[in-house]
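Participant: here's a sequence, model it:
(one chain, ligands or ions: 1)
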Amino acid sequence: SDQVPFYGTYQAGIMTPAQNHVQLVAFDVKTDRRDELIDLLKRWTRACARLSAGLSLGETDSAYIPPDDTGEAEGLSASHLTFTFGCGVSLFEGDRFGIGHKRPALLRDLPTFDLDQLDEKWSGGDLIVQICADDQQVVFHALRNLTRIGRGVVKIRWTQAGFQRSKVADATGGTPRNLFGFKDGTGNPDVTKAATRENTLFYQWRDGSPWLTNGTFLVVRRIQMHLEVWDRTILKEQERTFGRERASGAPLGSKDEFASVTPTKRIARGETELPADSHTAVAHGEGKVQLLRRSYSYQDGVDETTGALDAGLLFLSYQRSPEQFITIQERLATSDRMNEYITHRGSALFACFGGIQKGGYIGDALFA
Ligand code: HEM
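Facilitator: Numbers count the residues shown, from 1 in each chain. This next block holds a predicted model:
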């Protein structure tokens, strides 16, 4: 089947193997009325459950009213469509919805990192929806109808689209490559292991805000990649930048893509050390802090200032605490050899709800 269940312990779209396309949409809530916001979340719940099951939003029984469903996904399969919902710190500010006291202590603005060049237009948001599917028309249909259902209650703050190689183009399901040509995702933790999942990915009841149990924090970073500079860089330097071979994805000094990058293990096997400032070495550190990356590439026309392609990484990471991202990004911002080829342009942090139960609605624990 090409359906991913909408209901479950955890939201879909987090541990789901990455689909071909992502569309992120951040909304700001226009109303100050709690009942209007809750009503929208209920209507979104119904719509998402239907769309995830490959159903349309409903039959229209009169030719004299606009159709319930906009129609462009008629006859298309669900294409592994998933929705992942979360809220930003701004949703709690001013206690607009009577939830001010429920703000998780960990949900606050990310610090400013060295070299950040953030643009307001790619940052923040009261609510986030990560929409993923293997078909772009299915993704757009979902985006359009969520927006349509939200009219009057929310307005779009920003949207960003991402892609990776499709499953058609790579039937083997190998690690996808980013726009620098390197395999990206190799070092992700194995979240099929319950212990890893609970320690690194999902918010636990004892973490302080019981309503967020089985939820997770999503970091979105729009990272422009300076392709023209990269494309003039010799292969050896590109490989030292990541600390990995381009062809195989293996850490420098070994042949296996999935070989350990932990320095002590590598030295014990007589392997060459990774350059200390390589992205892999700096991101890995001592291997104590991990997060689940679920990034996509983006391309967005021409960069107005340089005339080059505006393209890069829509960096998405899920983690039990934003501190995991902050710890790694503080190291990267000060010592990553890759910094001369990238610029961080957008940033947002969201607390994503626990899984939605049948009969419940998106975020219901927050409003209980
Ligand atoms: C590893 C690319 C930004 C965290 C890697 C690898 C590549 C890569 C090619 C090696 C293969 C792999 O393990 O997936 C990029 C690019 C970036 C970027 C092109 C920006 C344009 C970031 C950011 C973070 C991050 C912002 C987090 C703050 C990591 C981590 C690893 C990694 C944790 C795995 C390290 C380990 O082996 O333990 N990245 N990355 N990356 N990256 Fe990035």
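
Participant: three-state assignment of the closest residue to the ligand within the stretch 1-150 of the chain?
Facilitator: Per Cβ to the nearest ligand atom, the residue of the stretch 1-150 of the chain with the smallest distance to the ligand is Phe113, at 8.9 Å. Heads up, the C-betas are built off the backbone N, CA and C, glycines and all. Assigned state for Phe113: coil (three-state reduction, DSSP: H, G, I helix; E, B strand; the rest coil).

Participant: and for Ile326?
Facilitator: When classified by three-state DSSP, Ile326 comes out as helix.

Participant: repeat for the one 4 residues further on
Facilitator: Applying three-state DSSP to Glu330 yields a three-state assignment of helix.

Participant: swap in the one 4 residues further on?
Facilitator: Three-state assignment for Thr334 (three-state DSSP): helix.

Participant: gap between it and Leu115?
Facilitator: 9 Å (Cβ to Cβ, to the nearest Å).

Participant: contacting residues for the residue nearest to Leu127 when sequence neighbours are not counted?
Facilitator: Once flanking residues are discounted, Leu127 sits nearest to Phe27: 4.5 Å by Cβ to Cβ, 6 or more residues apart in numbering. The neighbours of Phe27, taking Cβ atoms under 8 Å, 6 or more residues apart in numbering as the test, are 125-129, 150, 154-157.

Participant: mind checking which of those are in strands?
Facilitator: Under the assignment DSSP state E, the contacts of Phe27 contribute 127-129, 154-157 to strands.

Participant: what sits against Arg96?
Facilitator: So Arg96 contacts 29, 32 (Cβ under 8 Å, 6+ apart).

Participant: now Ile356
Facilitator: 6-8, 11, 45, 362, 364.

Participant: let's have those residues in a markdown table, adding distance to the ligand.
Facilitator: A markdown table is the format used below for these (distance: Cβ to the nearest ligand atom, whole Å):
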| residue | distance to the ligand |
| --- | --- |
| Phe6 | 29 |
| Tyr7 | 30 |
| Gly8 | 26 |
| Gln11 | 21 |
| Thr45 | 32 |
| Ile362 | 27 |
| Asp364 | 31 |
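
Participant: tell me the one of those nearest Glu74?
Facilitator: Set against Glu74, the nearest of the contacts of Ile356 by Cβ to Cβ is Phe6 (20.0 Å).

Participant: and the residue lying closest to that closest one once chain neighbours are set aside, how many neighbours?
Facilitator: Nearest residue to Phe6 in three dimensions, chain neighbours excluded: Ser52, at 4.0 Å (Cβ to Cβ, 6+ apart). Other residues within reach of Ser52, judged by other Cβ atoms under 10 Å, total 22.

Participant: try Val139
Facilitator: Neighbour count of Val139, defined by other Cβ under 10 Å: 22.

Participant: again, but for the one 3 residues further on
Facilitator: The burial metric for Ala142, expressed as a neighbour count using other Cβ under 10 Å, is 24.

Participant: next up, the contacts around it.
Facilitator: So Ala142 contacts 23, 48, 51, 73, 81, 83, 131, 133 (Cβ under 8 Å, 6+ apart).

Participant: helix or strand: which one has it?
Facilitator: Here Ala142 sits within helix 136-150, counting by DSSP states H and E.

Participant: can you give the distance of that helix from its chain's centre?
Facilitator: Its chain's C-alpha centre and that of helix 136-150 lie 18 Å apart, by Cα atoms, centre = their mean, to the nearest Å.

Participant: do stretch 45-57 as well
Facilitator: Distance of stretch 45-57 from the chain centroid (Cα atoms, centre = their mean) equals 21 Å.

Participant: over to stretch 250-260?
Facilitator: Put simply, stretch 250-260 sits 26 Å off its chain's centre (Cα atoms, centre = their mean).

Participant: what do you get for stretch 44-60?
Facilitator: The answer for stretch 44-60 is 23 Å, by Cα atoms, centre = their mean.

Participant: avg pLDDT for that stretch?
Facilitator: Across stretch 44-60, the average pLDDT comes to 94.

Participant: flag every buried residue along that stretch.
Facilitator: 44-45, 47-52, 54, 56-57 (16 or more other Cβ atoms under 10 Å).

Participant: kindly report the same for stretch 188-196.
Facilitator: The neighbour-count check on stretch 188-196 (16+ other Cβ under 10 Å) flags 189, 191 as buried.
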